[in-house]
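K.L.:
Structural data only, the sequence is not supplied:
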């Protein structure tokens, strides 16, 4: 894999409204995910051959959502007249060829969560891009009815459609769904890296209101013995609960 290919996986991958760690630099966490980079690099446009369906699995905080958005950006922006403008809309979640689905059930994904947004929409040709990308969070909460509804889409997707399923526990994904996707494992980042990036990002995000980031942030991370801090885990799931806004923004930078 070339250095340029690894960089392109990470480029322009900041979460909603946040500035990337550095144009042409690695997305936070990807450089410690060699397996992810090795699998995705051959799929990158313009010469790559992306699979019709991926299953990104790993603990919350491992970077699944951020890499999914970065990868979606590469697929959707391929051939765009104004690549930077298209990428910005992908990263803000407003590009018409990106559909991002989150479960609305209390503990599971409902049939309605995928029926219209995915199953009914997947056959529609792209609005602007050459491809459409559907990211489905919480694939491990998908029950039998929802899984069965998605099966035909996974078996016979249009050539322009790509699905990225996100799950914490791959073993909880329905076998019929799991077997039709290319699985990609996301390992938890080293505790020291989580601590360093959270402290640096929190300091930058909260500079105008709070000065230094809380010292307990580092201590909490050390105490978890490798588990991602609650704010980081929540950010990877697409929500930060009651986490202060500055810390939530900092957490999203580390995904």
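P.N.:
Cool, the structure landed. These numbers come from a predicted model, not from an experiment. Numbers count the residues shown, from 1 in each chain.
K.L.:
Run through who's touching the helix or strand hosting residue 164.
P.N.:
Assessed by DSSP states H and E, residue 164 sits inside strand 161-167. Defining contact as Cβ atoms under 8 Å, 6 or more residues apart in numbering, one finds that strand 161-167 is touched by 50-57, 64-65, 68, 71-72, 75, 118, 122, 131-140, 153-154, 157, 173, 177, 181. (Each C-beta comes from the backbone N, C-alpha and C, glycine too.)
K.L.:
In strands only, show me the residues you listed.
P.N.:
53-57, 132-136 (DSSP state E).
K.L.:
I'd like the average pLDDT over stretch 174-182.
P.N.:
What stretch 174-182 shows for mean pLDDT is 96.
K.L.:
hmm, which two among the ones in strands among the contacts of strand 161-167 are most spread apart?
P.N.:
Spanning the widest gap among these are 57 and 132, at 22.5 Å by Cβ to Cβ.
K.L.:
Compare the two and say which is more crowded by neighbours.
P.N.:
A direct count of neighbours by other Cβ atoms under 10 Å for residue 57 and residue 132 places residue 132 higher, at 27 against 24.
K.L.:
so what's that one bridging to?
P.N.:
Beta bridges link residue 132 to residue 161 when assigned by DSSP bridges.
K.L.:
quick one, what contacts it?
P.N.:
Residue 132 makes contact with 76, 97-99, 122, 124, 126, 160-162, according to Cβ under 8 Å, 6+ apart.
K.L.:
Format these as a markdown table; extra columns: neighbour count, distance to residue 149 and pLDDT.
P.N.:
Formatted as a markdown table, the contacts of residue 132 follow (neighbours: other Cβ atoms under 10 Å; distance: Cβ to Cβ, whole Å; pLDDT from 0 to 100):
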| residue | neighbour count | distance to residue 149 | pLDDT |
| --- | --- | --- | --- |
| 76 | 27 | 24 | 96 |
| 97 | 25 | 22 | 98 |
| 98 | 22 | 21 | 98 |
| 99 | 20 | 15 | 98 |
| 122 | 22 | 12 | 97 |
| 124 | 12 | 17 | 97 |
| 126 | 15 | 22 | 97 |
| 160 | 18 | 21 | 97 |
| 161 | 22 | 16 | 98 |
| 162 | 23 | 18 | 98 |
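K.L.:
In helices, which of those appear?
P.N.:
Using DSSP state H, the subset of the contacts of residue 132 located in helices is residue 76.
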